[in-house]
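Would you be able to build a 3D model of this:
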Amino acid sequence: MEKPNLILLVLLVSNLILLFCLDLINSTVGSWGFFLYVPALFFLPATLFLDRLRALILLFLTGLLYDLSIHSTLGFHGFCLCTAYLIWQEIFKLGRKGLAHQPVSLQLGINLLFGVMWASYAYFFSSFTGVWEWSRMAMDLIFSSLLIIPIGIWFPRFCTSFTELFQGSPYPKHSK
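This next block holds a predicted model:
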């Protein structure tokens, strides 16, 4: 198996681990009326480790899984993550170098944008009664923004360690 494909699979597994943890957190804090909404956490590792095609595949699959996880319209977060990636790559042309400066700020901005877009979509196009109200959306996004800072710092490091675990050391062992 090619190394980029291995990295894609490892990042997909790490995204599944994070999704599982987010589901556990949301089931706990949901009893207190909060909802942790953090789809932007999945943006950074794909941008850091993968080429364009594999990053788009990973972001779309992760977005679909995130949609299933939070019971939103299937494809919404997949297309949002892919669009954010393409905008980042094509318009800003910063690539990996630009991410090194303020990765958490980028994740917070993307998360806020996704939250407002999802709430607007749910408000205008949703026929179910469980629409995310504007006051609750604001509280959930503030709560999510506070938690995205430590998780946003930890998750790329976790992905780095996880990919190194499966790739092995890039340096050959010396025999005596």
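
Could you find the residue nearest the spatial middle of the protein?
residue 42 (1.8 Å; CA atoms, centre = their mean).

Could you check the pLDDT of that residue?
What the model reports for residue 42 is a pLDDT of 96.

Check this protein for its longest helix and report it.
Criterion DSSP state H: the longest helix present in the chain is helix 134-167.

Just checking, which helix or strand succeeds the worst-scoring helix or strand of the chain on mean pLDDT along the chain?
Between all helices and strands in the chain, the lowest mean by mean pLDDT, DSSP states H and E belongs to helix 95-99, at a mean of 55. Downstream of helix 95-99, the next assigned helix or strand under DSSP states H and E is helix 103-125.

quick one: the longest helix of the chain to chain centroid distance?
The chain centroid and the centroid of helix 134-167 are separated by 8 Å under CA atoms, centre = their mean, to the nearest Å.

orientation of it relative to helix 103-125 in degrees?
With axes from the mean of the first three to the mean of the last three CA atoms, to 10 degrees defining the directions, helix 134-167 sits at 130 degrees from helix 103-125.

Need the mean per-residue confidence for helix 134-167.
What helix 134-167 shows for mean pLDDT is 90.

likewise stretch 71-85?
93.

Can you give the contact residues for it?
By CB atoms under 8 Å, 6 or more residues apart in numbering, the surrounding residues in contact with stretch 71-85 are 39-40, 42-43, 46-47, 55-56, 59-64, 66-68, 110, 113-114, 117-118, 121-122. Any C-beta I mention is one placed from the backbone N, CA and C, and that applies to glycine too.

Can you select the buried ones among these for me in ChimeraX?
Selection of the buried residues among the contacts of stretch 71-85 in ChimeraX, burial being defined by 16 or more other CB atoms under 10 Å:
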select :39,40,42,43,46,47,55,56,59,60,61,62,63,64,66,67,110,114,118,121,122
